[in-house]
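Trainee: Structure of the sequence below:
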Amino acid sequence: MATLSDVARRAGVSPATASRVINGSSKPVTDQLRERVLRAVAELKYVPNAHAQLLARSHRTAVGVIVHDVSDPYFSEVTRGLQRVASDQGRLLMICNSYRDPDRELEYVELLRGHQVAAIIMAGSGYHDPTFTALLNDKLAAYEATGGRVAVIGRHEHSGDAVMPDNRGGGRLVGAELGALGHREIGVVAGPKVLTTTTDRLAGLREGLRATGRLLPDDRIRYAGFDRDSGAEAAAALVDAEPGLTALVALNDSMAIGALGMLRGRGIDVPGRISVVGFDDMPIARDVTPPLTTVRLSLVEMGARAMALALDAGAAAPRVEALAASLVRRDSTGPPPA
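Mentor: Prediction:
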C-alpha cells in the first residue's frame, strides 16, 4: 500500500506539502503543486489514513450517535433524519448500538471521545437510574470540555441541547380517544420500566383516561421490551388474565403489531372484540391488517432537528425543541362490543 512519502516522492514535493493537499489544509498550495500531488495520488491509488486526516484538520468531521438498536424501526426512522442533515453538511455518521445496556452507553461515550467526534447525540431514552445518570453526565461533561457538542433526543438528565417528543401528550391523546369511544376495560403493553419514555407515555395515558372518568389499575399493565415478540407475549398474558378487556394500548408500534398478530392467531376480531392502539406511527403501521391507530411522532424530523442542534455551535444557552404528537385514527379501533 502506498504511503504519504511515496506520494510526495512521485509528485516531487515535501511530505508536508503532500499532506496539506490531501488533508485539505488551509495553508496555501499553488495550483501546480496541487495538481502534481493529486496526480500522484491517482497513479499510486493512495488511500489516506482516516485517523491521520482527523488530526491534521482544523475541525472535526465525524458525529457519533448512540441508539438503543438501529434495527428497531423507531431508531431506523430517527437515524434517517440524522443522516440527512449529516450528509448535507459533509459529516460522517458513526452509529453505536447500546441494546439498552447502560454500561455499553458509557463505553461508547469514551470511545467516541477518543475518536474526537464533533458531536455526540444520545438518541435513545433516558434511564431512571441516578448512578448511571451521574456517570454519564460526568463523561459527557469531560467530552464537552474538549470542545465537543452534545444533543439528546427525549428526556435525559443532561443540561444541554435537546429534542423533546411529546410522549406524555401523546399518551393523553390515546386515553382521551379510548374514553370517548366508550372503553373501560383497557390493558397496556408498556416498554421497559426503567426508561423515561415508558413512564412518560404511561403517565399521559393515565391522565387521558382519568379525564374521561377511567382508571388504569396496575394489574392491567405488562412491561415488555419495546419489540414485536415481547409485545405479543405481554398482550397474550393480559388477555389471559383479563378476558373482559375491550382495548389494548401498546406503547410503541412494534409491540402493537405483535399484539395484532397474537389476536389474529387466536381468532379475536380487531376492532370488533378488542381495539388496539400503538405509538410512534412507523411506516408499517398503515400497512398491517387492520391498519393501526397510533400516535404520530415525526421520527425523521426528530433526528434531523437533533443533528442540526448538535452541529450548530452558535448558541450559548442550551436549546430545547419540542416535537408535538398527534393521533392517527385507523381501522384497529372502534367502540367496545355491546
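Trainee: Residue 192: helix or strand, and which one exactly?
Mentor: Residue 192 belongs to no helix or strand when assigned by DSSP states H and E.
Trainee: got it, and the one 5 residues further on?
Mentor: Under the assignment given by DSSP H and E, the secondary-structure element containing residue 197 is helix 196-211.
Trainee: chain center to that helix, what's the gap?
Mentor: Put simply, helix 196-211 sits 20 Å off its chain's centre (Cα atoms, centre = their mean, to the nearest Å).
Trainee: And it, what's buried?
Mentor: By 16 or more other Cβ atoms under 10 Å, the buried positions in helix 196-211 come out as 196, 197, 198, 199, 200, 201, 202, 204, 205, 206, 208, 209. For glycine as for every other residue, the C-beta is placed from the backbone atoms N, C-alpha and C.
Trainee: Repeat that for stretch 285-295.
Mentor: 285, 288, 290, 292, 293, 294, 295.
Trainee: ok, which stretches of the protein are helices?
Mentor: Along the chain, counting by DSSP state H, helices occupy 4-11, 15-22, 31-44, 50-56, 73-88, 102-114, 130-145, 167-181, 196-211, 228-241, 253-265, 299-311.
Trainee: looking at those, which is closest to residue 154?
Mentor: Residue 154 lies closest, by Cβ to Cβ, to one member of the helices of the chain: helix 196-211, at 5.9 Å.
Trainee: angle of that closest one against helix 167-181?
Mentor: Relative orientation of helix 196-211 versus helix 167-181 (axes from the mean of the first three to the mean of the last three Cα atoms, to 10 degrees): 30 degrees.
Trainee: Assess the claim that residue 247 and residue 178 are in contact.
Mentor: Yes - judged on Cβ atoms under 8 Å, residue 247 makes contact with residue 178 at a distance of 5.3 Å.
Trainee: Mind listing the shared neighbours of those two?
Mentor: Residues touching both residue 247 and residue 178 (Cβ atoms under 8 Å, 6 or more residues apart in numbering): 186, 275, 277, 333.
Trainee: returning to that earlier point: need the max-distance pair from the buried residues of stretch 285-295.
Mentor: Of all pairs drawn from those, the greatest distance, 16.9 Å, lies between 290 and 295 (Cβ to Cβ).
Trainee: Does residue 149 touch residue 118 like I think?
Mentor: Yes - between residue 149 and residue 118 a contact is recorded at 6.8 Å, counting by Cβ under 8 Å.
Trainee: got any residues that touch both of these two?
Mentor: Common neighbours of residue 149 and residue 118 (Cβ under 8 Å, 6+ apart) are 310, 311.
Trainee: Any idea how many residues pack against residue 166?
Mentor: The number of residues packed near residue 166 is 19, by other Cβ atoms under 10 Å.
Trainee: From residue 240, how far off is the closest residue to it other than its chain neighbours?
Mentor: Residue nearest to residue 166 in three dimensions, not counting chain neighbours: residue 325, with 4.4 Å by Cβ to Cβ, 6 or more residues apart in numbering. According to Cβ to Cβ, to the nearest Å, residue 325 and residue 240 sit 31 Å apart.
Trainee: Output the below-cut-off pLDDT ranges for this structure.
Mentor: 24-26, 49-60 (pLDDT under 70).
Trainee: ok, 50 please
Mentor: Scanning the chain for pLDDT under 50 picks out the ranges 55, 58.
Trainee: Select, out of the helices of the chain, the one closest to residue 281.
Mentor: Across those, closest to residue 281 is helix 253-265 (Cβ to Cβ), at 7.0 Å.
Trainee: for the closest one, which positions count as buried?
Mentor: 253, 254, 255, 256, 257, 258, 259, 260, 261, 262, 263.
Trainee: Redo the residues you listed as a markdown table? Include distance to residue 317.
Mentor: Shown next, in a markdown table, are these (distance: Cβ to Cβ, whole Å):
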| residue | distance to residue 317 |
| --- | --- |
| 253 | 35 |
| 254 | 36 |
| 255 | 37 |
| 256 | 38 |
| 257 | 41 |
| 258 | 42 |
| 259 | 43 |
| 260 | 45 |
| 261 | 47 |
| 262 | 48 |
| 263 | 49 |
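Trainee: Closest one of those to residue 112?
Mentor: Distances from residue 112 to those, taken by Cβ to Cβ, are shortest for residue 254, at 27.1 Å.
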